[in-house]
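[1] 3D model of this:
(2 chains)
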There are 2 protein chains.
Amino acid sequence: MVNYPSGKKFEAETRLTSAGGRGMELEKEINSTNEFYLAQDIAVIHKKPTPVTIVKVDYPKRSAARITEAYFKLPSTTDYNGIYKGKYIDFEAKECASLTSFPLKSIHAHQITHLESVQRHGAIAFLIIRFTKYGETYFVEADKLVSYVRNNTRHSIPYEWFKNNGKLISANYVKPVDYLKIVDELYFGQ
Amino acid sequence: MVNYPSGKKFEAETRLTSAGGRGMELEKEINSTNEFYLAQDIAVIHKKPTPVTIVKVDYPKRSAARITEAYFKLPSTTDYNGIYKGKYIDFEAKECASLTSFPLKSIHAHQITHLESVQRHGAIAFLIIRFTKYGETYFVEADKLVSYVRNNTRHSIPYEWFKNNGKLISANYVKPVDYLKIVDELYFGQ
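    Numbering: from 1, shown residues only, chains lettered A, B, ... in the order given. Below is the predicted model:
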């Protein structure tokens, strides 16, 4: 019987850090990429903490406060933001297990509103969508996705749309999701 | 006997949403101000969720996932960020109960590093410090505070320093902490 070292622990972490554990692999890779950007002083971009509603906290003497009841809360903004070359950066990242389309229910209405609004104020706003079955990660400018959502009654966006409207994000060991390369191409003409 | 409506609930919320409940009044006022800025489409600036390390989650059938063990985590960035007039905005806010000085231990070393780093990338970075006993709320540019921290061995900054180096933030009913007025003066020459 094969014994995977710390396999159990990994599974627990995967399950716990995001509600339902969806999209954890992509999240980890973006976090690593952001750490690289930060360490190299290229950009300062962080994932926001998972929003939770805290209901009960124990304050034991001589030890750390312990939250004993809390619930996951719907995020009112996107997950990632920060600064790059003087510009405000804002994006959401999602994994998609479907072969044919990306379900729009995985992006909340107020996240769409948020992306529209930061863009109006001059942000570089986008989405990172990974089709896990194809191993492809797409960079999609927020205005393209927002305009699709505003002008369609469909509940999902076909995979083909991403091939036509998105840009494939390349990966390497230190930058598993090198999205700033696409930002350079699209917004800084590099 | 006077019965304050929902007084109890208010106390519970105050205690729960920030570790130890410090600085909650200022936080609420900044959140209200940010809601006003957002509603008026002036700026998109949000408080980041309180970072917690989630240890145990129950997934009961047919009801919401319930976090049963979690701990407050030291923040690795500042609490607030967003966009205003195309510029990336980043700040930390603290209440101070002392009459004589602001204790530096209430700002973590990595928050100082974070402020330095976003500033290097072109952010408008600052601190909002309220001396509760005086009812005064100061806007302090990050570089001034960072330079104080880097060039002093003191563990606190005298109240007088804020009078000389900070700018008093004005308040009104819809904008209890109207910090963008100072941003306009300092960074947009208005």
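[2] for chain A, what are the low-confidence residue spans?
    Residue ranges of chain A with pLDDT under 70: A:1-23.
[3] tell me, which helix in it spans the most residues?
    helix A:24-39 (DSSP state H).
[4] Tell me the helices and strands packed up against it.
    If you count contacts as 3 or more CB pairs under 8 Å, 6 or more residues apart in numbering or on different chains; DSSP states H and E, helix A:24-39 packs onto helix A:7-17, strand A:43-47, strand A:80-84, strand A:87-96, strand A:124-131, helix A:179-187. C-beta: built from backbone N, CA, C; applies to glycine.
[5] what about 10 Å?
    helix A:7-17, strand A:43-47, strand A:80-84, strand A:87-96, strand A:124-131, strand A:136-141, helix A:179-187 (3 or more CB pairs under 10 Å, 6 or more residues apart in numbering or on different chains; DSSP states H and E).
[6] Out of these, which is closest to B:Val149?
    Nearest to B:Val149 among the helices and strands packed on helix A:24-39 is strand A:43-47 (18.7 Å), distances taken as CB to CB.
[7] could you give the angle of that closest one to strand B:87-96?
    On the basis of axes from the mean of the first three to the mean of the last three CA atoms, to 10 degrees, strand A:43-47 is oriented at 60 degrees to strand B:87-96.
[8] From the geometric centre of chain A, which residue sits farthest away?
    A:Lys61 (38.1 Å; CA atoms, centre = their mean).
[9] Between its first and last residues, how far does stretch A:89-107 reach?
    18 Å (CA to CA, to the nearest Å).
[10] Take the helices and strands packed on helix A:24-39 and lay them out in TSV including mean neighbour count.
    Listed next are the helices and strands packed on helix A:24-39 as TSV, based on neighbours: other CB atoms under 10 Å in any protein chain shown:
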stretch	mean neighbour count
helix A:7-17	13
strand A:43-47	21
strand A:80-84	24
strand A:87-96	23
strand A:124-131	24
strand A:136-141	22
helix A:179-187	18
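[11] In JSON lines, list those along with distance to B:Tyr80.
    Formatted as JSON lines, the helices and strands packed on helix A:24-39 follow (distance: least, CB to CB, whole Å):
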{"stretch": "helix A:7-17", "distance to B:Tyr80": "23"}
{"stretch": "strand A:43-47", "distance to B:Tyr80": "13"}
{"stretch": "strand A:80-84", "distance to B:Tyr80": "11"}
{"stretch": "strand A:87-96", "distance to B:Tyr80": "13"}
{"stretch": "strand A:124-131", "distance to B:Tyr80": "19"}
{"stretch": "strand A:136-141", "distance to B:Tyr80": "26"}
{"stretch": "helix A:179-187", "distance to B:Tyr80": "23"}
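[12] Just give the number of residues close to the closest residue to A:Ala64 other than its chain neighbours.
    With CB to CB, 6 or more residues apart in numbering or on different chains as the criterion, A:Ala64 has its nearest non-adjacent residue at 5.6 Å, and that residue is B:Tyr71. Around B:Tyr71 sit 15 other residues, with neighbours defined as other CB atoms under 10 Å in any protein chain shown.
[13] surely B:Tyr71 meets A:Tyr59?
    No - assessed by CB atoms under 10 Å, B:Tyr71 is found out of contact with A:Tyr59, at 12.0 Å.
[14] list the residues that contact both of the two?
    Common contacts of B:Tyr71 and A:Tyr59, defined by CB atoms under 10 Å, 6 or more residues apart in numbering or on different chains, comprise A:Ala65, A:Arg66.
[15] What strands line up against the helix or strand encompassing the residue nearest to A:Ala64, and which way round?
    Using DSSP states H and E, B:Tyr71 sits in strand B:66-72. Its sheet considered, strand B:66-72 pairs with strand A:66-72 (antiparallel), strand B:52-58 (antiparallel) by DSSP bridges.
[16] Contacts for the one helix or strand A:Lys163 maps to, please.
    Assigned by DSSP H and E, A:Lys163 belongs to helix A:159-165. With contact meaning CB under 10 Å, 6+ apart, helix A:159-165 is reached by A:96, A:98-102, A:127, A:129, A:131, A:133-134, A:136-141, A:144-145, A:147-148, A:152, A:154, A:157-158, A:168.
[17] Likewise for stretch A:169-177?
    A:25-37, A:39-40, A:42, A:93, A:128-130, A:135-139, A:178-182.
[18] How far off centre is that stretch?
    15 Å (CA atoms, centre = their mean, to the nearest Å).
[19] Could I get the buried residue list for that stretch?
    Under the neighbour-count criterion of 16 or more other CB atoms under 10 Å in any protein chain shown, stretch A:169-177 has A:Ile169, A:Lys175, A:Pro176, A:Val177 buried.
[20] just the angle between the helix or strand where A:Lys144 lies and strand A:124-131, please?
    Assessed by DSSP H and E, A:Lys144 sits inside helix A:142-151. Computed with the same axes, to 10 degrees, the direction of helix A:142-151 lies at 70 degrees from that of strand A:124-131.
[21] next one: helix A:142-151 to chain centre, how far?
    That offset, for helix A:142-151, works out to 18 Å (CA atoms, centre = their mean).
[22] Run the contact check for that helix versus chain B.
    No - on the criterion CB under 10 Å from any CB of the partner chain, helix A:142-151 is out of touch with chain B, staying 12.8 Å away.
[23] what sits up against that helix?
    By CB under 10 Å, 6+ apart, the residues outside helix A:142-151 that reach it are A:78, A:90-92, A:102, A:104, A:107, A:109, A:111-116, A:118-119, A:123-127, A:129, A:140-141, A:154, A:157, A:161-162, A:164-166.
[24] try 7 Å this time
    For helix A:142-151, the external contacting residues (CB atoms under 7 Å, 6 or more residues apart in numbering or on different chains) are A:Leu104, A:Ile112, A:Leu115, A:Glu116, A:Gln119, A:Ala125, A:Phe126, A:Leu127, A:Ile157, A:Asn165.
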